[in-house]
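> here is my input; please provide its structure:
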Amino acid sequence: MLCPLKLILMPVLLEYSWGLDDVIVSSPELPVHVGDSALLGCVFQSTAEKYVTKVDWTFSSGEHAKDEYVLYYYANLSVPVGRFKNRVRLAGDISGMDGSLLLQSVDEADQGTYTCEIRLAMESLVFKREVVLHVLPEEPREFMVHEGDMTQMGCVFQSTEEKRMTKIVWTFSPGEHAKEEIVLHYNTKLSVPLGYPQNRGRFQNRVILVGNVSCHDGSIMLQAVRESDRGNYTCSIHLGSLVFRKTIVLHVILKEPRTLVTLAAPRPGLLGDNQLVVIVGIICTTVLLATVLILIMKRTHRNKSSMNSVTLVKNLENTKKANPEKHVYSSIAVTKVTEEEEANERSEATYMTMHPVWPSVRSAQNNPAGGIPKTE
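Got it, this is the predicted structure:
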């Protein structure tokens, strides 16, 4: 990670060109995450002894936007104004011609150009410096880490000034009102990170300073995370009298207890392309085979039903053809006829027998219409 551009206002010539009303240096650009703090430098260096009488900081969100006051210093009094009132303060040493501004709790509306103007006693010359602030999305302040893994916790203080960081201190607290423990202590004079205390304690050999100190980066790496590491970690970066703090909450996910027979289904996101193709092929083949099997069973059942019907019909036909007389005569009762009944039946048959009589000639004359003669 490269450090942001750092530029200090340094007149090259010892004799100034007093004909100019303003001296403006190029504008450094400073990226800052939402919620963090930033130091906007405005330092005038001179070989001659000068006294600062007035410092003004203004802000503009765009080229055609109206400027608004951020802070002004006059007669040994520093006054923040407007929406920056509770978030800015003069961080430089005025006696050393340092009018740097500390901006805290940066939000998205703070993106824009900040202009510093330094006026010296008995001088008509005004020195200006601009800083372009880029606001980035907020970095996560809570981390979920599995037990036994490692995690990096960032702590970067953005500034346009260099060689001002004097100390980095990381502390740990398992709760809000619990006693704090020192995780790591770094002193620029020693240039060696010190553990808790005198390189002892439960964080020994598990915490490494991975940030670039020259860029005000005090990030650390915590290795072999334990369940007891769950809690709040506070980073403090000291730049002389200035202190930048950032708190990170660490959550530890415990490992699942081992079981004798536990087969965890593979996650869809972890499957490779070949595994997905195989699974899809197995599913399609299973569906196809099930469909074919159902059709075969239906056809077999239908053929079996047809054969049973044909067999039943044939059995009925054979039964009817086997004893037709038995079925016909079984319903007729056979009775014996006596001789008297037979004689009576014959007489009745004789009496009831009718013979045709042809008409005579006389009847034909009496009945010329050819009708049927009346019988007596």
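> what's the neighbour count on Ile283?
Applying the criterion other CB atoms under 10 Å, we find 10 residues in the vicinity of Ile283. In this view, the C-beta of every residue, glycine as well, is placed from N, C-alpha and C.
> name the SS class of Ser105, please.
On the three-state scheme (DSSP: H, G, I helix; E, B strand; the rest coil), Ser105 is labelled coil.
> find the nearest non-adjacent residue to it, please.
Arg87 (5.4 Å; CB to CB, 6 or more residues apart in numbering).
> what count of nearby residues applies to Gly99?
The burial count assigned to Gly99 is 30, neighbours taken as other CB under 10 Å.
> and the residue nearest to it when sequence neighbours are not counted, what are its bridge partners?
Here the nearest residue to Gly99 in space, its sequence neighbours aside, is Val55; by CB to CB, 6+ apart that works out to 3.9 Å. For Val55, the beta-bridge assignment (DSSP bridges) gives partners Tyr73, Ile118.
> which residues touch Val55?
By CB atoms under 8 Å, 6 or more residues apart in numbering, the contact list for Val55 reads Cys42, Leu71, Tyr72, Tyr73, Tyr74, Leu90, Ile94, Gly99, Cys116, Glu117, Ile118, Arg119.
> cool, and Leu293?
Leu293 neighbours (CB under 8 Å, 6+ apart): none.
> surely Thr115 is in contact with Ser60?
Yes - counting by CB atoms under 8 Å, Ser60 is a contact partner of Thr115 at 7.3 Å.
> what about those two, which has more around it?
Between Thr115 and Ser60, counted using other CB under 10 Å, the more crowded position is Thr115 (19 against 15).
> how far away is that one from Ala38?
Look at Thr115 and Ala38: by CB to CB, to the nearest Å, they are 15 Å apart.
> low pLDDT regions in the chain?
1-27, 163-164, 191-192, 194-200, 258-273, 305-306, 308-376 (pLDDT under 70).
> quick check: domain ranges of it?
22-136, 142-253 (automatic domain parsing).
> how far does the shortest one stretch from start to finish?
When you say that, I think you mean domain 142-253. The stretch domain 142-253 measures 13 Å between its terminal residues, going by CA to CA, to the nearest Å.
> before we move on, back to that, now, the most widely separated pair of the contacts of Val55?
Within these, two members stand farthest from each other by CB to CB: Cys42 and Tyr74, at 15.3 Å.
> out of those two, which sits in the busier spot?
Here Cys42 and Tyr74 are set side by side on neighbour count (other CB under 10 Å), and the busier one is Cys42, at 29 against 12.
> quick one, what contacts that one?
Counted by CB under 8 Å, 6+ apart, Cys42 has contacts Leu9, Val55, Trp57, Gly92, Asp98, Gly99, Ser100, Leu101, Cys116, Ile118, Arg129.
> excluding its backbone neighbours, what's nearest the fourth one?
Taking CB to CB, 6+ apart, and ignoring the residues beside it in sequence, Gly92 has Asp98 as its nearest neighbour in space, at 3.1 Å.
> so that neighbour makes contact with Leu40?
No - in this structure, Asp98 is not within contact of Leu40 by CB under 8 Å, at 11.7 Å.
> which one's more surrounded, these two?
In this view Asp98 and Leu40 are compared by other CB under 10 Å, and Leu40 has more residues nearby, 28 against 20.
> who's in contact with the more buried one?
Shown in contact with Leu40 (CB under 8 Å, 6+ apart): Leu30, Trp57, Ser100, Leu101, Leu102, Leu103, Tyr114, Cys116, Val131, Leu133, Thr160.
> one more time with 10 Å, if that's ok
Listed by CB atoms under 10 Å, 6 or more residues apart in numbering, the contact partners of Leu40 are 28, 30, 32, 57, 70, 88, 91-92, 99-103, 114-116, 129-131, 133, 158-161.
> ditto for Lys189
Contacts for Lys189 (CB under 10 Å, 6+ apart) come out as Thr166, Lys167.
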